[in-house]
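Novice: Whatever this is, show me its structure:
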Amino acid sequence: MVFDSKIQPISTWECFKQRPFIIAGPCSAETEEQVLQTAKQLVSTGKVDLFRAGIWKPRTRPDSFEGVGKQGLKWLKQVKQETGLPVGTEVASEKHVYESLKHGLDMLWIGARTSANPFAVQEIANALEGVDVIVLVKNPINPDVDLWIGAIERINKAGITRIGAVHRGFSSYEKTRYRNQPQWQMAIELRARIPEIPILTDPSHIAGDANYIQEISQKAIDLNFDGLMIESHICPSKAWSDAKQQITPNDLVRLLKHLKLRAADIEVSDFLDFLRELRNKIDIYDEQMLDLFEQRMKISETIGKCKKENNITILQSIRFDRILRKAIIKGEKKGLSAEFIDKLFKAIHQESMDHQKKVMNQIVHT
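Specialist: From the prediction side, this is the model:
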């Protein structure tokens, strides 16, 4: 993908101190006191680069707390004046952009619901033309890299060069311990498609529970992402929204203290030789897996012929459910997560059915 203008490296952003770039603040601005006290505690840690707070909150149910509205922008402006921290909020419309810029906000982010709507993103992009502000684009709710890239491209074409992506996980019908599924491969694919774009992870929205924020943050750092957006509240238990996933400023300090930062590159020749050897082994195993998949699909095609001859349907749900349960149990004994086995076997099953369908619908010309 080629953009008309350049994306500035995060290291050149005025508010960037060092990796990881940290954005923190409450899920929602609730009261003037809550916003200011949280900001003062966060700035006193010396760990936060930018203060965040939701002003307009897109909620699933209309009777839920949907934010304090533009009066909260005055509180963010006050935070900037009293603490010196740059400030930012979520925008979902042209009006939100104009109101935020009028109050001098330094950063705007586009949420997951909005980034999934090209019309809404284009409206925001139009409002941003000629403006120099940081804009972060969260991944769409559903795992669609092209849709994510499209939203980034629209903002970038408006002339925004300080632009970044926020990986906040993806909605799923499948219930796991996380609120949103990380699907790390989506963020990795984004980095492969747009190598220059800064990527931050939002462990709060992925986790949905403060107990998992540390492990998700570490994973993001291990993947060499550029920063974290973490929800922090002076008293999470009394938060008006998403109380379970917010942590105190003191907890944020402890989290960052325990993060292990790793080098992106290394020049030690012995290490590189050893790593190259291991990667060669992985290449061999990958080749073997592909050969096994090929053999498996050939058997599936034979099964498809048998089903065609005996007029039997392709899908046999009871058998597949039994296979999947058995595979998950075996996989866990081998150190493989249930989530991985579930996705892998469903993908294999779908490919197998596609092969059978092709065979069963094949027209023989005489």
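Novice: domains for this protein, by residue range?
Specialist: 10-258, 269-360 (automatic domain parsing).
Novice: Endpoints of the longest one, how far apart?
Specialist: Domain 10-258 has its terminal residues 23 Å apart, counting by CA to CA, to the nearest Å.
Novice: and the gap between Asp63 and Glu33?
Specialist: 25 Å (CB to CB, to the nearest Å). (Glycine included, C-beta is placed from N, CA and C.)
Novice: More neighbours: these two, which one.
Specialist: Glu33 (10 against 6; other CB atoms under 10 Å).
Novice: The more buried one falls within a helix, correct?
Specialist: Yes: the assignment for Glu33 by DSSP: H, G, I helix; E, B strand; the rest coil puts it in a helix.
Novice: So for it, what pLDDT did the model give?
Specialist: Looking at Glu33, its pLDDT reads 97.
Novice: Over to Leu261?
Specialist: Predicted confidence (pLDDT) for Leu261: 86.
Novice: Report the spatially nearest residue to it, omitting neighbours in sequence.
Specialist: Spatially, and ignoring its direct neighbours in sequence, Leu261 is nearest to Ile221 (6.3 Å; CB to CB, 6 or more residues apart in numbering).
Novice: Can you list the buried residues in the host helix or strand of that neighbour?
Specialist: For Ile221, the element it lies in under DSSP states H and E is helix 213-222. For helix 213-222, burial by neighbour count (16 or more other CB atoms under 10 Å) applies to 213-214, 216-218, 220-221.
Novice: Below-threshold pLDDT in the stretch 251-366 of the chain: ranges please.
Specialist: 264-269, 271, 363-366 (pLDDT under 70).
Novice: Would you map the strands across the stretch 201-350 of the chain?
Specialist: 227-231 (DSSP state E, counting those that start in this stretch).
Novice: circling back to that earlier point, tell me the helices and strands packed up against the helix holding Ile221.
Specialist: The helices and strands touching helix 213-222, judged by 3 or more CB pairs under 8 Å, 6 or more residues apart in numbering; DSSP states H and E, are strand 199-201, helix 203-207, strand 227-231, helix 249-258.
Novice: Out of the ones you listed, which gets nearest to Met353?
Specialist: helix 203-207 (31.2 Å; CB to CB).
Novice: out of the domains of the chain, deepest packed?
Specialist: domain 10-258 (a mean of 19; mean count of other CB atoms under 10 Å).
Novice: centre of the chain versus that domain, how much separation?
Specialist: Distance, stretch centre to chain centre, for domain 10-258: 11 Å (CA atoms, centre = their mean, to the nearest Å).
Novice: i'd like the first residue to be 3 from this point on
Specialist: Fine by me, first position is 3 from now on; the one you just mentioned is domain 12-260.
Novice: neighbouring contacts of stretch 219-227?
Specialist: 22, 169, 184, 186, 189-190, 201-203, 205, 230, 232, 257, 261-264, 266 (CB atoms under 8 Å, 6 or more residues apart in numbering).
Novice: thinking again about what came up before, put together a markdown table for the helices and strands packed on helix 215-224, with distance to Ile162 on each row.
Specialist: Compiled in a markdown table, those are given as follows (distance: least, CB to CB, whole Å):
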| stretch | distance to Ile162 |
| --- | --- |
| strand 201-203 | 16 |
| helix 205-209 | 23 |
| strand 229-233 | 18 |
| helix 251-260 | 28 |
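Novice: Tell me which of those sits nearest to His351.
Specialist: Closest to His351 of these is helix 205-209 (CB to CB; 26.9 Å).
Novice: In terms of secondary structure, what does the closest one contact?
Specialist: helix 215-224, strand 229-233.
Novice: Could you measure from the nearest residue to Pro205 once chain neighbours are set aside over to Lys240?
Specialist: Once flanking residues are discounted, Pro205 sits nearest to Ile218: 3.8 Å by CB to CB, 6+ apart. As judged by CB to CB, Ile218 and Lys240 stand 24 Å apart.
Novice: State the pLDDT value of the nearest residue to Glu16 once chain neighbours are set aside.
Specialist: Counting by CB to CB, 6+ apart, Pro88 is the residue found nearest to Glu16 once chain neighbours are left out, at 7.9 Å. Looking at Pro88, its pLDDT stands at 97.
Novice: contacting residues for Pro88?
Specialist: 16-17, 51-53, 82, 108-109, 136.
Novice: Can you tell me the element the closest residue to Thr85 other than its chain neighbours falls in?
Specialist: Nearest non-adjacent residue to Thr85, counting by CB to CB, 6+ apart: Val45, 4.3 Å away. Val45 belongs to helix 34-47 when assigned by DSSP H and E.
Novice: Alpha carbons of that helix, in CSV - could you do that?
Specialist: The C-alpha coordinates for helix 34-47 follow below in CSV (Å, rounded to 0.1, in the frame of the first residue of the first chain):
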residue,chain,number,x,y,z
GLU,A,34,-14.0,17.5,36.9
GLU,A,35,-12.4,16.3,40.1
GLN,A,36,-12.1,12.7,38.9
VAL,A,37,-10.4,13.8,35.6
LEU,A,38,-8.0,16.2,37.3
GLN,A,39,-7.0,13.9,40.2
THR,A,40,-6.4,11.0,37.9
ALA,A,41,-4.3,13.1,35.6
LYS,A,42,-2.2,14.5,38.5
GLN,A,43,-1.5,11.1,39.8
LEU,A,44,-0.5,9.8,36.4
VAL,A,45,1.8,12.7,35.7
SER,A,46,3.5,12.2,39.1
THR,A,47,4.5,8.7,38.0
